[in-house]
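*Asks:* sequence unavailable; structure follows:
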């Protein structure tokens, strides 16, 4: 995979691991878009956004919290990839 000269869209890139990735990839000569961008300019997608709400690990499972977490952390990246997959398939790989 080519690590420079790309346009990279990073979900969840405003803080934490996503921000670290954005900064590191920008320093390598990539154009980094955090949280938005135009579909026609994306070469790569890094699905990084997610949530982890506080819970009581030793207590009963809060179903609403569990569903919210799974919806965001699993279905979000699947939906994002689905929205961009046809464009990403047109890109040449090494």
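*Replies:* Sure, I can see it. As the structure is a computational prediction, the values presented were derived from the model and not from experiment.

*Asks:* what's the first helix or strand after the helix or strand of the chain with the lowest mean pLDDT?
*Replies:* Counting by mean pLDDT, DSSP states H and E, the chain has its least confident helix or strand at strand 44-46, which shows a mean of 76. Counting by DSSP states H and E, the next helix or strand C-terminal to strand 44-46 is helix 63-70.

*Asks:* which SSE is immediately downstream of that next one?
*Replies:* Following helix 63-70 in sequence, per DSSP H and E, is helix 76-89.

*Asks:* work out the gap between that following helix and the centre of the chain.
*Replies:* Taking C-alpha atoms, centre = their mean, to the nearest Å, the mean C-alpha location of helix 76-89 is offset from the chain mean by 11 Å.

*Asks:* just the buried positions in stretch 52-69, please.
*Replies:* By neighbour count with 16 or more other C-beta atoms under 10 Å, stretch 52-69 contains the buried residues residue 69. Quick note: C-beta positions are derived from backbone N, CA and C, even for glycine.

*Asks:* tell me the mean pLDDT over that stretch?
*Replies:* Regarding stretch 52-69, the rounded mean pLDDT is 86.

*Asks:* for stretch 12-29, give me every contacting residue.
*Replies:* With contact meaning C-beta atoms under 8 Å, 6 or more residues apart in numbering, stretch 12-29 is reached by 3-6, 8, 10-11, 32, 34-35, 46, 48-50.
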